[in-house]
Structure formats: C-alpha cells, structure tokens
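Engineer: Sequence first, predicted model second:
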Amino acid sequence: MAVGIFDSGLGGLTVLEAVTKRLPDVPIVYYGDNAHTPYGVRDAEDIYALTTAGVDRLFQAGCDLVILACNTASAAALRRMQEGWVPEGKRVLGVFVPLIEALTERNWGDNSPPREVAVQHVALFATPTTVSSRAFQRELAFRAIGVDVEAQPCGGVVDAIEEGDMILAEALVRSHVEALQRRMPKPQAAILGCTHYPLVQEVFQAALGPDVAVYSQPDLVAASLADYLERRPEMIGPGTEAAFLTSGDPARVSNKAVQFLRRKIEFISA
Ligand code: DGL
C-alpha cells in the first residue's frame, strides 16, 4: 500500500512531513520534478505535461491515489487531469480543497451547496501562476458565498527559499504582505497557497499581525487525507515501499532536502 505525493520540487516535503506524522503506517512515494522546478512561472500547458508525466510515474510505483502537493500544479492542471486524464481506479487530489474546507468550517469531503460563512475578507498568497489561474476563487465559490478574496502573487519567494537565502525570502514576504494590505487593509484570514511558505509562516504571521488567522497546508492536507483514506481505504494502492523519486540530480536534491526536512533522505532517479 502506498500513496503518492507529487511536487514541482522540494516544497512538497512540507506536506510529506505532516502526512507521515499523521499516517505513519502508510508508505509514501514522493516525486519531485526538480529538473523542471519552479512551476510558478510556467504556463498551464507546460505544467499539465510535466504534472501528468510525474503522476504517471507514481501510478507505476504502485500508488492509486496521488496528492498534488504543488499548488501551482493543482491550480493549472488538476481540473483538466480529473476531467479527462486520470485512469479508471486512480485518483488525483489537490491541496486547495482541504484549505477551503477548513476556511469555510466544513467537514472534510462536504460537497453541499455553497453557503454564507463567518470569514468575509481573505488574503491569498501564492505563486504568480496560481494567482492568475483563479483556481482558489473558483473552488471557494463552490462552497461559500460572499467571500472577498484579494490575491498577492509572491514573486521571488520560492527562488529565495530554494537558494537558501532566508533573509531575502523574509524581506520579500514582508513586502508582499504590505502590497496586499494596501488593497485589503484588514483581512480576517490569510491562505499560504504554496508549498514553500510554511517555512516562512512565522514571518507571514508577524507581518499580518496576531488578529489574522493564517491557514497553512501541511496539517490540513494530512488531516483531510487521513479522513479520505478512512472513507476510501481501497484507494491505498498496491505499492509497499516508501521512496523519494526525482527527475533531477539525486545527490544534489538529497542534499537540498535537508533544508526542508532537517534530516537526511535519499532521493533516487525517477
Ligand atoms: N510547489 C509550488 C507551489 O506550491 C511552488 C514551487 C514552484 O513554483 O514550483 O505552488
């Protein structure tokens, strides 16, 4: 039994960490498309081709269920994949829905019609591609009415984190928060819609102030996945081995992964 986690690179390790804590007995096969990261500045066609190739590799590794940990892939490719590409008996799930279910105080998997919710002013921080896709707003509209979303494309943050330049990453986060606050001075909640942002979550929270509820994905995705597997245990695939696959250089990727997990893991070539 194995579940797949797909990401454009290493950021999805923030999700993997939360999932393995929550579901220690489920082997996870992780695929990082490090040869083509970052996705946040690519176009939708490109992201679709890369994401389907990576997810297909996870199906071959014995996963019937794959989580797209990458928000950019979830935003740009998931709907098209679900509508015509995912083979019979397989499932691909994204990372927006668990966030939105938490934000709108729904039970996991609640697909009832949209309704008015407590939160009305929401700030979304994400990559330029995720913001321009408007996928978050579309998914939110299926579940809630009357919510005003102001989105900030956070150019440069992923690159700074990947380079290990946390001083630059933190300065960029502060300036993106300021830019958003000029358009929405008092958001009630903020969504960190990118795999890398949990690493700078405290900087977002400090810049936004203590009154803003910050929603970060790893724990929410893990809780939603645990609930899903309880309802659909047959979706735990036939694979039995956990593995870390990369389209990039395994030695280089393994070294960089330490920054995300603070422990050593061994990537192998996909
Ligand atoms: N994994 C991407 C996301 O969550 C960020 C990195 C990238 O741009 O590829 O949006």
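Structural biologist: Great, that's in hand.

Engineer: what's around Arg263, how many residues?
Structural biologist: Number of residues near Arg263 (other CB atoms under 10 Å) recorded here: 8. Every residue, glycine included, has its C-beta placed from N, CA and C.

Engineer: and the residue in the stretch 151-270 of the chain positioned nearest to the ligand, what does it touch?
Structural biologist: Closest residue of the stretch 151-270 of the chain to the ligand, CB to the nearest ligand atom: Thr195 (3.7 Å). Neighbour list for Thr195: Asp7, Ser8, Gly11, Gly12, Leu13, Thr14, Val15, Ala69, Cys70, Asn71, Gln217 [criterion: CB atoms under 8 Å, 6 or more residues apart in numbering].

Engineer: What about the second one, how many residues nearby?
Structural biologist: What that stands for is Ser8. 30.

Engineer: I'd like to know how far the residue in the chain positioned nearest to the ligand sits from Glu105.
Structural biologist: Closest approach between the chain and the ligand, counting by CB to the nearest ligand atom: Gly40, at 2.9 Å. For Gly40, the distance to Glu105 equals 29 Å [CB to CB, to the nearest Å].

Engineer: still on that earlier bit, which pLDDT value goes with the residue of the stretch 151-270 of the chain closest to the ligand?
Structural biologist: Looking at Thr195, its pLDDT reads 92.

Engineer: Phi first, then psi, for the closest residue to it other than its chain neighbours.
Structural biologist: Nearest non-adjacent residue to Thr195, counting by CB to CB, 6 or more residues apart in numbering: Gly11, 2.9 Å away. Main-chain torsions, Gly11, degrees, to the nearest 10: phi -60, psi -30.

Engineer: and what of Phe125?
Structural biologist: Dihedral angles of Phe125 (phi, psi; degrees, to the nearest 10) stand at phi -110, psi 130.

Engineer: do Arg174 as well
Structural biologist: Taking degrees, to the nearest 10, you get phi -60, psi -40 for the backbone angles of Arg174.

Engineer: three-state assignment of the closest residue to it other than its chain neighbours?
Structural biologist: Nearest residue to Arg174 in three dimensions, chain neighbours excluded: Ala207, at 5.0 Å (CB to CB, 6+ apart). Per DSSP: H, G, I helix; E, B strand; the rest coil, the secondary structure class of Ala207 is helix.

Engineer: can you tell me which residues contact Ala207?
Structural biologist: Per CB under 8 Å, 6+ apart, neighbours of Ala207: Val173, Arg174, Val177, Glu178.

Engineer: switch to 10 Å and redo it
Structural biologist: Ala207 sits next to Glu170, Val173, Arg174, Ser175, His176, Val177, Glu178, Leu180, Gln181, Ala190, Val200 when contact means CB atoms under 10 Å, 6 or more residues apart in numbering.

Engineer: Then Ala118?
Structural biologist: Ala118 neighbours (CB under 10 Å, 6+ apart): Leu103, Thr104, Glu105, Ala144, Val147, Gln188, Ala189.

Engineer: so where do the strands sit in the stretch 51-200 of the chain?
Structural biologist: Taking DSSP state E, counting those that start in this stretch, the strands of the stretch 51-200 of the chain run over residues 65-68, 91-93, 115-116, 121-126, 144-145, 148-153, 189-193.
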